[in-house]
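A.B. asks: Okay, here's the prediction I keep looking at, along with the sequence it came from:
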Amino acid sequence: MSVYNTLLTKARCPHCDACCEVRADFRFGLRDLLEYRVGDPLVWEGRGVRTPATRPTGGNYVGEAYTECPSCGLDYWLVLTVENDVIVGAATDLDREDYGHEQ
């Protein structure tokens with residue numbers, strides 16, 4: 001079983017263009033099934049699985065998160081930005097492959 005965290009945020013689906021509340025799973029920070037929102041500080045240290053293994057320089061990191069659109073049911077990716085240990089943004093990754101879904 002893979003351990004991950006979840007970001008609760010609004011995102012625009014690249015398939016149907018709906019802007020919806022989503023649950024986006026990501027695999028960085030202390031991976032302990034924690035729930036976050038934009039503006040929350042990210043936990044880097046603690047017992048358990050950590051990605052990267054130590055806090056990145058300055059607490060800055062860019063990673064990806066996977067979600068499914070509650071409107072059309074298709075999956076897509078977000079780019080999450082962490083600055084000074086705080087989740088500051090989540091944007092739909094428009095450069096990523098669409099996994100064979102028709103747009």
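C.D. replies: Noted; the coordinates are in hand.
A.B. asks: going forward, measure contacts and count neighbours with C-alpha atoms only.
C.D. replies: Noted.
A.B. asks: Can you pull the poorly scored residue ranges out of this structure?
C.D. replies: Scanning the chain for pLDDT under 70 picks out 1, 98-103.
A.B. asks: gap between the residue most central in space within it and Phe26?
C.D. replies: By Cα atoms, centre = their mean, the chain has its centre lying nearest to Ala65, at 3.1 Å. Ala65 sits 4 Å away from Phe26, going by Cα to Cα, to the nearest Å.
A.B. asks: Next: Leu33.
C.D. replies: Distance of Leu33 to Phe26, given as Cα to Cα: 10 Å.
A.B. asks: ok, which stretches of the chain are strands?
C.D. replies: 5-12, 19-26, 29-31, 35-37, 49-51, 61-68, 75-83, 86-92 (DSSP state E).
A.B. asks: Which strands and helices lie in contact with the third one?
C.D. replies: The one in question is strand 29-31. strand 49-51 (3 or more Cα pairs under 8 Å, 6 or more residues apart in numbering; DSSP states H and E).
A.B. asks: quick one: contacts of the strand it packs on?
C.D. replies: The contact list for strand 49-51, computed with Cα atoms under 8 Å, 6 or more residues apart in numbering, reads Val3, Arg27, Phe28, Gly29, Leu30, Arg31, Asp32, Trp44.
A.B. asks: out of these, which one sits closest to Lys10?
C.D. replies: Arg27 (18.9 Å; Cα to Cα).
A.B. asks: residues touching the residue nearest to that closest one when sequence neighbours are not counted, list them.
C.D. replies: Nearest residue to Arg27, sequence neighbours excluded (Cα to Cα, 6 or more residues apart in numbering): Tyr4, at 4.8 Å. When contacts are counted by Cα under 8 Å, 6+ apart, Tyr4 touches Asp25, Phe26, Arg27, Phe28, Arg31, Asp32, Leu33, Leu34.
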